[in-house]
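J.: whatever this is, show me its structure:
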Amino acid sequence: MLLVLEQALNGLQYGVMLFLMAAGLTLVFGIMNLVNLAHGSLYMVGAYLATALARWTGSFVLGGLLALPATLLVGVVVEVVALRTLYERDHLDQVLATFGLILFFNELVAIVWGRAAIYTSLPPSLSGSFVLLPGLRYPTYRALVIGVGVAAAVFLYVLVTSTRLGMLIRAGASNRTMVAALGVNIRWLYTLVFGLGAALAGLAGLMAGPIYAVQPGMGEQILIQVFVVIIIGGIGSIRGAVAGALVVGMVDTLGRAFLRPTLSTIVSPAAADKAGPALASMLIYLMMAAVLFFRPQGLFPTRGR
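T.: Sure, this is the predicted structure:
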């Protein structure tokens, strides 16, 4: 039972990171109608900047605090320089352009930091574990990731539902032409939304640094799962991003932990060893296919979809 609880917490932690990625990507697509394959590259940039700044300042926390606005600035520059001309183009042009950005950022970080993986060192206060329940210790840093992700979700909810900027974001998602006609500078609204999405991706990246290897191409590895989250939750929906991320995080983590042992009670251990990992890696895609079949618009679609 304690093992199940521990893996469920790991699934929650993974889901939180997927949510940070999915929230930014679904905002960009839902409001700007932009297919941004380079969103994973901003996650990678955030991880590299946090690692480099933590080494430069000697403080993991300070490095993370500096990496967030730096990633936001990178996102703003990318939107102004490379993406602003793509809003009226079709999705194929957007896919090709943002795929080019993936190649650009992968080569850029390889030139600056090399192709070998680098790792982020945690301070002693975050590198240990704490007693969650009698007989169960949980890593302090993973618990911090969960807490930061929940705080980010609350911040986004308040921003979108209770502020003037959130009102403009929701209006832009519903009818951008009317918003522009009312005197709102829709271009700068797009830039701000894209920068916010980049900052969320950077936050996910800087939190991933101490858990996973920071290396060129790491953004593409998580981007596929993020698209699965968005499809399951509903394109353009923050609530859908939360639900989809938690579902995908839990299913993927628990499946990889318990599917093989479960299969071994039905078939031979050798067959379970072969089939278990393959089936576990397929679970989220099978779930996505089921959602598309029964509810093509996703679990929590935005109004009008």
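J.: now do the same for the nearest residue to L223 once chain neighbours are set aside: its pLDDT.
T.: Leaving out its chain neighbours, the residue that sits closest to L223 by C-beta to C-beta, 6 or more residues apart in numbering is G40, at 3.6 Å. In short, each C-beta sits where N, CA and C put it, glycine included. pLDDT, G40: 91.
J.: isn't there a helix covering G40?
T.: Yes - using DSSP: H, G, I helix; E, B strand; the rest coil, the assignment for G40 is a helix.
J.: hmm, F227 and it touching each other?
T.: No - using C-beta atoms under 8 Å, G40 makes no contact with F227, being 9.9 Å away.
J.: so between the two, which is more surrounded?
T.: Each of G40 and F227 has its neighbours counted (other C-beta atoms under 10 Å); G40 has more, 28 against 19.
J.: follow-up on the earlier one: check the gap between the residue nearest to L223 and N10 for me.
T.: 21 Å (C-beta to C-beta, to the nearest Å).
J.: other residues contacting stretch 80-94?
T.: M32, N33, L34, V35, N36, A97, T98, L101, R187, Y190, T191, F194 (C-beta atoms under 8 Å, 6 or more residues apart in numbering).
J.: A181: how many residues sit nearby?
T.: A181: 10 neighbours (other C-beta under 10 Å).
J.: report the buried residues of the strand or helix carrying L96.
T.: Using DSSP states H and E, L96 maps to helix 91-113. With burial defined by 16 or more other C-beta atoms under 10 Å, the residues of helix 91-113 counted as buried are Q94, A97, T98, L101, I102, F105, N106, V109, W113.
J.: skipping its backbone neighbours, what lies nearest the last one in space?
T.: Of all residues beyond its chain neighbours, the one nearest W113 is Y48 (6.0 Å), with distances taken as C-beta to C-beta, 6+ apart.
J.: wait, that neighbour sits on P216?
T.: No - taking contacts as C-beta under 8 Å, Y48 lies outside contact range of P216: 9.0 Å.
J.: compare the two and say which is more crowded by neighbours.
T.: More crowded of Y48 and P216, by other C-beta under 10 Å: Y48, with 27 against 21.
J.: low-confidence ranges, the stretch 151-300 of the chain, go.
T.: Scanning the stretch 151-300 of the chain for pLDDT under 70 picks out 172-175.
J.: that one: helices as residue ranges?
T.: 164-174, 176-181, 186-208, 218-233, 238-264, 269-294 (DSSP state H, counting those that start in this stretch).
J.: wait, which of the ones you listed is closest to L65?
T.: helix 186-208 (9.4 Å; C-beta to C-beta).
J.: for the closest one, C-alpha coordinates in PDB please.
T.: Output of helix 186-208 as PDB, limited to C-alpha atoms (Å, rounded to 0.1, in the frame of the first residue of the first chain):
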ATOM      1  CA  ILE A 186      -3.800  42.300 -30.000                       C
ATOM      2  CA  ARG A 187      -0.100  41.900 -31.100                       C
ATOM      3  CA  TRP A 188       1.200  42.700 -27.700                       C
ATOM      4  CA  LEU A 189      -1.400  40.600 -26.100                       C
ATOM      5  CA  TYR A 190      -0.200  37.700 -28.100                       C
ATOM      6  CA  THR A 191       3.400  38.500 -27.200                       C
ATOM      7  CA  LEU A 192       2.500  38.600 -23.500                       C
ATOM      8  CA  VAL A 193       0.600  35.300 -23.700                       C
ATOM      9  CA  PHE A 194       3.500  33.700 -25.500                       C
ATOM     10  CA  GLY A 195       6.000  35.000 -22.900                       C
ATOM     11  CA  LEU A 196       3.800  33.600 -20.200                       C
ATOM     12  CA  GLY A 197       3.700  30.200 -21.900                       C
ATOM     13  CA  ALA A 198       7.500  30.300 -22.200                       C
ATOM     14  CA  ALA A 199       7.900  31.100 -18.500                       C
ATOM     15  CA  LEU A 200       5.700  28.200 -17.600                       C
ATOM     16  CA  ALA A 201       7.700  25.900 -19.800                       C
ATOM     17  CA  GLY A 202      10.900  27.300 -18.300                       C
ATOM     18  CA  LEU A 203       9.500  26.700 -14.800                       C
ATOM     19  CA  ALA A 204       8.900  23.000 -15.800                       C
ATOM     20  CA  GLY A 205      12.400  22.800 -17.200                       C
ATOM     21  CA  LEU A 206      14.200  24.300 -14.200                       C
ATOM     22  CA  MET A 207      12.300  21.900 -11.900                       C
ATOM     23  CA  ALA A 208      13.200  19.000 -14.200                       C
END
